[in-house]
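Student: Sequence isn't available, so here's the structure alone:
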């Protein structure tokens, strides 16, 4: 069986092979005792802690896996005082986005149990669910008004439709048409993984009656606005906020109309819940203004303000103004880190923010008067947090610890304890080396879980995407070093120039230099790891990456293929110029200082297809057909070039996935392809 697999991988199969359906996995450690793909696929994923108004209870979200349904399922859990966490019964129909009512006696949540996504309500015991909204279109998100008498809903609709029923009817009519021709007069055409159908995300106010149920039809807050609130395709709740008295909503959006796709400029707007035109609060800043937060007393507005238009990885300043946007001032302008979220402390004397910092994603506290910044966490990744009356809870994880809910360092939950019982997890080992221009660069090493002193082991060199999206000491569900350590590999990960969390100059160093400075870091970092870890077998190494990491794998193939025996490229880039003109982001060209026809020489120098003649190392290419961030043609071109030159190669097509592989059965089969390929090419000679 193993010999046949190796032959198929090296020589190529005459006909395509397909992943087979199978029964639900029995999650257990690998033979070596490490984390198996099945364990990772079936884990409970913890997120989104929310304190009740009195601070006594914690509501949070858990994503479980329905293997047979090939999907994730949302559940709501609660921690009540010192009691053990419990799953709310209303989760049986699927539940997400759980939010407390203003008085703390009920919980609102999103569920599709009635056939469409609507807001539902349950009491604090979570035993029975009552449907709150009956919108003609799916509810995409919501916030509960602090006044307790309304919800602010996110509803997608056609801006020319005065009523939501008009949007519903138009979609139904389209579904029955025989002709499938579609015409467009402006970008974007394909946000993330679907074709643009002309709808916009807009905010609506839904009045509630004394029982907390919908009272009448939702009323538009942003009628006719040629913009999305929140943004598409991946925007969320952090882009709009309700004032403490429930009378105003502040939101972030773009209002450039036809040219919005070519800029990342966004502004904060304020609109009265009672009605009226939104007022732009930040017209003077041509860069993004986002993450609005209104102080507990309703008098001040804080937000994050970018410094430069269309500069990826630009570190935002923390701004504070009167709630109407007047008297704006920079609260934190010289902090050499880029905050990604913002919230007021409940006493109004400080703000909280998360930011990448030296390979961690920490929670910080910022004095609202002086702007002094203090780190509240050290190791790991904080992915969510909430605070009430001095009680601070957070969702925290590390590369050897899946996410749990913590209160000031003390775990409140213990999800996946039984699933991980008896599983060995490799500890991350930090190292630094002199990279491009002699700058210190950070790297991580993981030993194989079967490590025995004196033996040597193959190496998986994982390369992150983004490119301005660093490796962190956090738990991952797409690329997790533990699965490679469990398969007997040592793992090397480098935060090359361009990675956030090491200062603005370090991040900016990749601009116009996608293919050289980071490549130098990867080469030097890998050699430093080999030199410091003699147990690593340099003759049995593979380089693996996705997105920008896949781009870099292609660059390695043409410019620096030693010492790797094999390469793995998921959703990678073959032709940079074509990518920038075909991807769903219209302003990404500024990574190269302009469009391909204006900087042709630079694009050619930084494009993997320029160096294809030197390709010789076996490469596994994987791509999803619904990937409109890096369209599948990039992967097809890579595979075609490999095949044309007779380079051993394999193409793995996932027709129903986007830039990420999300369906559980797809994910396991996809990861198995990667592990089989790397194992086959790193056998001892």
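Tutor: Received it, and whenever you're ready, just let me know what you need. These numbers come from a predicted model, not from an experiment.
Student: give me the number of residues near residue 367?
Tutor: A count of nearby residues for residue 367, using other C-beta atoms under 10 Å, gives 15. For the C-beta atoms, the positions are set from N, CA and C on the backbone; glycine is no exception.
Student: Is it in contact with residue 350, as I believe?
Tutor: Yes: in this structure, residue 367 is within contact of residue 350 by C-beta atoms under 8 Å, at 5.6 Å.
Student: Sketch out the low-pLDDT regions of the protein for me.
Tutor: 1-14 (pLDDT under 70).
Student: contacting residues around the most centrally placed residue in it?
Tutor: Nearest to the geometric centre of the chain sits residue 234, at 8.4 Å (C-alpha atoms, centre = their mean). Counting by C-beta atoms under 8 Å, 6 or more residues apart in numbering, residue 234 makes contact with residue 192.
Student: Checking it next. Helix, strand or coil?
Tutor: Per DSSP: H, G, I helix; E, B strand; the rest coil, the secondary structure class of residue 234 is coil.
Student: Residue 445 versus that one, what's the distance?
Tutor: Separation of residue 234 from residue 445 (C-beta to C-beta, to the nearest Å): 32 Å.
Student: before we move on, what about residue 419?
Tutor: Residue 419 is 26 Å from residue 445, by C-beta to C-beta.
Student: which one of these two has more residues nearby?
Tutor: More neighbours surround residue 445 than the other of residue 419 and residue 445, with 22 against 18 (other C-beta under 10 Å).
Student: The more buried one: what's it in contact with?
Tutor: 428-429, 431, 490-493, 529, 532-533.
Student: same thing but at 7 Å, please
Tutor: 429, 431, 490-492, 529, 533 (C-beta atoms under 7 Å, 6 or more residues apart in numbering).
Student: Unless I misread the structure, it falls within a strand.
Tutor: Yes: counting by three-state DSSP, residue 445 is found in a strand.
Student: Leaving out the residues flanking it, which one is nearest to it?
Tutor: Leaving out its chain neighbours, the residue that sits closest to residue 445 by C-beta to C-beta, 6 or more residues apart in numbering is residue 429, at 4.5 Å.
Student: count of neighbours near the residue lying closest to residue 401 once chain neighbours are set aside?
Tutor: Nearest non-adjacent residue to residue 401, counting by C-beta to C-beta, 6+ apart: residue 475, 6.6 Å away. By the measure other C-beta under 10 Å, the count of residues near residue 475 is 24.
Student: Return the distance of residue 475 relative to residue 398.
Tutor: 7 Å.
Student: What of residue 169?
Tutor: 50 Å.
Student: ditto for residue 508
Tutor: With C-beta to C-beta as the criterion, residue 508 and residue 398 are 28 Å apart.
Student: hmm, back to that, neighbour count winner among residue 169 and residue 398?
Tutor: The neighbour count for residue 169 versus residue 398, taken as other C-beta under 10 Å, is higher for residue 398 (19 against 13).
Student: Leaving out chain neighbours, which residue sits closest to that one?
Tutor: residue 380 (4.0 Å).
Student: before we move on, what about residue 501?
Tutor: residue 356 (3.4 Å).
Student: so that neighbour sits in a strand?
Tutor: Yes: per three-state DSSP, residue 356 lies within a strand segment.
Student: got the contact list for it?
Tutor: By C-beta under 7 Å, 6+ apart, the neighbours of residue 356 are 338, 470, 472, 500-501.
Student: same check, this time on residue 29
Tutor: Residues in contact with residue 29 (C-beta under 7 Å, 6+ apart) are 35-36, 39, 422-423.
Student: circling back to that earlier point, against residue 186, how distant is the residue nearest to residue 398?
Tutor: Distance, residue 380 to residue 186, by C-beta to C-beta: 43 Å.
Student: neighbour count winner among the two?
Tutor: A count of neighbours by other C-beta under 10 Å puts residue 380 above the other of residue 380 and residue 186, at 23 against 11.
Student: Now do the contacts for residue 314.
Tutor: Per C-beta under 7 Å, 6+ apart, neighbours of residue 314: 287, 306-308.
Student: now swap in residue 105 and tell me
Tutor: So residue 105 contacts 123-124 (C-beta under 7 Å, 6+ apart).
Student: do the same with residue 309
Tutor: Residue 309 neighbours (C-beta under 7 Å, 6+ apart): 263-265, 286-287.
Student: tell me what the helix or strand hosting residue 492 is packed against?
Tutor: Using DSSP states H and E, residue 492 maps to strand 490-495. Applying 3 or more C-beta pairs under 7 Å, 6 or more residues apart in numbering; DSSP states H and E, one finds that strand 490-495 contacts strand 440-446, strand 457-463, helix 481-486, helix 517-532.
Student: tell me which residues of the helix or strand just after it are tucked away?
Tutor: Remark: after strand 490-495, the chain's next helix or strand is helix 504-508, criterion DSSP H and E. In terms of neighbour count (16 or more other C-beta atoms under 10 Å), helix 504-508 has its buried residues at 504, 506-508.
Student: Out of these, which is nearest to residue 537?
Tutor: Distance to residue 537, by C-beta to C-beta, is smallest for residue 506 among the buried residues of helix 504-508, at 31.3 Å.
Student: wait, that closest one sits on residue 497?
Tutor: Yes: under the criterion of C-beta atoms under 7 Å, residue 506 makes contact with residue 497 at 6.0 Å.
Student: and for the two, which residues touch both?
Tutor: By C-beta under 7 Å, 6+ apart, residue 506 and residue 497 have no common neighbours.
Student: Residue 22: which element?
Tutor: Judged by DSSP H and E, residue 22 forms part of no helix or strand.
Student: Contacts for stretch 399-406, please.
Tutor: Outside stretch 399-406, the residues that touch it by C-beta under 7 Å, 6+ apart are 43, 45-47, 49, 58, 60, 79, 383, 393-397, 411-416, 425-428, 473-475, 481.
Student: from those, which ones fall inside helices?
Tutor: Within the contacts of stretch 399-406, residues falling in helices by DSSP state H are residue 481.
Student: In strands, which of the contacts of stretch 399-406 appear?
Tutor: Among the contacts of stretch 399-406, the members found in strands (DSSP state E) are 45-47, 49, 58, 60, 79, 383, 393-397, 411.
Student: For ChimeraX, what selects the buried ones among those residues?
Tutor: Buried residues among these (16+ other C-beta under 10 Å), as a ChimeraX selection:
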select :45,46,47,49,58,60,79,383,393,394,395,396,397
